[in-house]
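[1] show me the folded form of this:
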Amino acid sequence: MTAALLLIAALPLAGALTPNVLTVSTDNGAVTGHRSVTHPEVLDFLGIPFAQPPMGNLRWEAPQKYHGNGTYVAKSFVRITQDCPYTHTALYTYPNEMEQFPDIMRAFVGSESDNPQSEDCLTLNIWTRETDSHIPKPVYVRGSGYTPGTTNTLFYDGAGFASDQDIIVVTCNYRMTVFSFPGIPGPSTSNFGLLDQRAAVEWMRDNIAGFGGDSSRITISGQSGGSAMVDYWAYAWPEDSIVAGLISHSGTALSFGANSATLSADNWANITMQLGCHAVGDPLACMKRQNAWRFRYFADWDNTRLYPTSGAYHGVDLNMIYGSSALFTLVSESAGQTVRTARMRKAWAAFVADPHDGLSNLGWPIFDLHSDTLVILGYDNQPNITFVSPSVYNQACVNITV
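    Residues are numbered from 1 along each chain as shown. Sure, this is the predicted structure:
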């Protein structure tokens, strides 16, 4: 699992981006984008700051509104080429790995990035087509168990999705590891990663019209840890959610065991002790003054099959949304894979455009535990969509947490 949250904002395009206009005015200054290399009909706006860098006295504080000066040239995924600090974990190994295995894993987890890491990392990326119509936008929250990950990876390149469907695709970085969930004792929140995502969506609400979007039609989506974060959203802001729809891929709020208040406090005490801040009058102030470093893990790892019998593994379905697996593996798509990708994108776009009836209009039945409403995609590598009773698969999953 990767540990970053990608927000794909599914907003209907509302503005008019004329062919040669690449600069958009926002609340924090003008932003200049460029045409996608792989899909020239799509405009890329990469690495846009949406909050003040959470450094110094802003470390372990709620994100603050960003104040920019002049025009920001949004041509790199990461501002000043920096990712949020995260842990490079050991990637899985399997017998008889396929040639593309390392490429898939590096792209999925984000360990392909050689960018330096910094707390100055709260940025988002936008992919939009030139259009005069109002289209929806999805925001994608990447996963990884809240510890590793980055938006700077071809795995989450939104150009293909934006080109194929009438949506604007947005992804965002958020704080991870101890910078996101430090477990600081006391009444104030420690869910800074979730607050970062909220700040990104608020920025989209206030500025997306300039990119052709409709702020009343934002859908957020995530996979794995990102999926759990999407589920948390419904509990965190039930009265002021901003978004019109939620898509959770392989994860819920119950997928990751919650730390008790005691365990969180113990974790905080442990790290303050290691940094010599436990015995001072204000440990939090001391911790805010500490430097942060990264280390690089060199795992020996190489279109979506990891090894001959890998099958449908955790996270592989994202390839049917972004459709970029051929870019990072250099293995061409099969004809059936292209068809399935197009149909999956169409379903996502339908939900983003109309979270209430979009999928019903495509013929997807509303889920019912006692009828044939479980959607089956890609069974036996067939592009057709079928529906079966949930009971066909439920029993095998009784003791599994996803």
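[2] do a quick rundown of the helices in the stretch 151-300 of the chain.
    159-164, 177-180, 192-207, 225-236, 261-274, 283-288 (DSSP state H, counting those that start in this stretch).
[3] turn those into CSV, columns for mean neighbour count.
    (Glycine included, C-beta is placed from N, CA and C.) Putting the helices of the stretch 151-300 of the chain into CSV (neighbours: other CB atoms under 10 Å) gives the following:
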stretch, mean neighbour count
helix 159-164, 24
helix 177-180, 20
helix 192-207, 23
helix 225-236, 22
helix 261-274, 14
helix 283-288, 17
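[4] lowest average confidence across those helices, which one?
    Lowest mean pLDDT within the helices of the stretch 151-300 of the chain: helix 261-274, at a mean of 74.
[5] quick one: that one to chain centroid distance?
    28 Å (CA atoms, centre = their mean, to the nearest Å).
[6] stretch 166-175 too?
    For stretch 166-175, the distance to the chain centre is 7 Å (CA atoms, centre = their mean).
[7] just the C-alpha atoms of it, please, in CSV.
    Extracted C-alpha coordinates of stretch 166-175, given in CSV (Å, rounded to 0.1, in the frame of the first residue of the first chain):
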residue,chain,number,x,y,z
ASP,A,166,-15.5,15.0,-19.3
ILE,A,167,-13.9,15.5,-16.0
ILE,A,168,-11.1,17.4,-14.4
VAL,A,169,-8.7,15.3,-12.4
VAL,A,170,-7.0,16.6,-9.3
THR,A,171,-4.4,14.9,-7.0
CYS,A,172,-2.9,16.3,-3.9
ASN,A,173,-0.1,15.7,-1.4
TYR,A,174,-0.7,15.6,2.4
ARG,A,175,1.4,15.1,5.5
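[8] for the record, mean pLDDT for the longest helix along the chain?
    Identified as the longest helix of the chain according to DSSP state H is helix 335-353. For helix 335-353, mean pLDDT is 84.
[9] just checking, what packs against that helix?
    Helix 335-353 sits against strand 135-141, helix 159-164, strand 213-223, strand 245-249, helix 319-322, helix 358-361, strand 374-377, with contacts defined as 3 or more CB pairs under 8 Å, 6 or more residues apart in numbering; DSSP states H and E.
[10] mind giving me the domain split of the chain?
    For the chain, the domain assignment from automatic domain parsing gives the residue ranges 23-364, 365-402.
[11] pick the most buried one from the ones you listed.
    domain 23-364 (a mean of 19; mean count of other CB atoms under 10 Å).
[12] end to end on that domain, go ahead and measure it.
    Distance across domain 23-364, first residue to last, is 39 Å (CA to CA, to the nearest Å).
[13] related to what we said a few turns ago, among the helices and strands packed on helix 335-353, which comes closest to Q337?
    Nearest to Q337 among the helices and strands packed on helix 335-353 is helix 319-322; the distance by CB to CB comes to 8.1 Å.
[14] now for the closest one, which elements pack on it?
    Helix 319-322 packs on helix 159-164, helix 335-353, going by 3+ CB pairs under 8 Å, 6+ apart.
[15] swap the cut-off to 6 Å and go again
    Here helix 319-322 touches helix 335-353, going by 3 or more CB pairs under 6 Å, 6 or more residues apart in numbering; DSSP states H and E.
[16] and for the helix it packs on, what's in contact with it?
    10, 136, 138, 161, 164-165, 167, 219, 245, 320, 323, 358-359, 362, 378, 381, 383 (CB atoms under 6 Å, 6 or more residues apart in numbering).
[17] now the angle from it to strand 245-249?
    150 degrees (axes from the mean of the first three to the mean of the last three CA atoms, to 10 degrees).
[18] can I get helix 335-353 as PDB, trimmed to CA atoms?
    Coordinates of each C-alpha in helix 335-353 appear next as PDB, following Å, rounded to 0.1, in the frame of the first residue of the first chain:
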ATOM      1  CA  ALA A 335      -7.100  -4.700 -26.700                       C
ATOM      2  CA  GLY A 336      -9.300  -6.100 -23.900                       C
ATOM      3  CA  GLN A 337      -7.400  -4.000 -21.300                       C
ATOM      4  CA  THR A 338      -8.000  -0.900 -23.300                       C
ATOM      5  CA  VAL A 339     -11.800  -1.700 -23.500                       C
ATOM      6  CA  ARG A 340     -12.000  -2.300 -19.700                       C
ATOM      7  CA  THR A 341     -10.100   0.900 -18.900                       C
ATOM      8  CA  ALA A 342     -12.500   2.900 -21.000                       C
ATOM      9  CA  ARG A 343     -15.500   1.300 -19.300                       C
ATOM     10  CA  MET A 344     -14.100   1.800 -15.800                       C
ATOM     11  CA  ARG A 345     -13.400   5.400 -16.600                       C
ATOM     12  CA  LYS A 346     -16.900   5.900 -18.000                       C
ATOM     13  CA  ALA A 347     -18.300   4.500 -14.700                       C
ATOM     14  CA  TRP A 348     -16.200   6.800 -12.600                       C
ATOM     15  CA  ALA A 349     -17.000   9.800 -14.700                       C
ATOM     16  CA  ALA A 350     -20.800   8.900 -14.500                       C
ATOM     17  CA  PHE A 351     -20.600   8.800 -10.700                       C
ATOM     18  CA  VAL A 352     -18.600  12.000 -10.500                       C
ATOM     19  CA  ALA A 353     -21.100  13.800 -12.800                       C
END
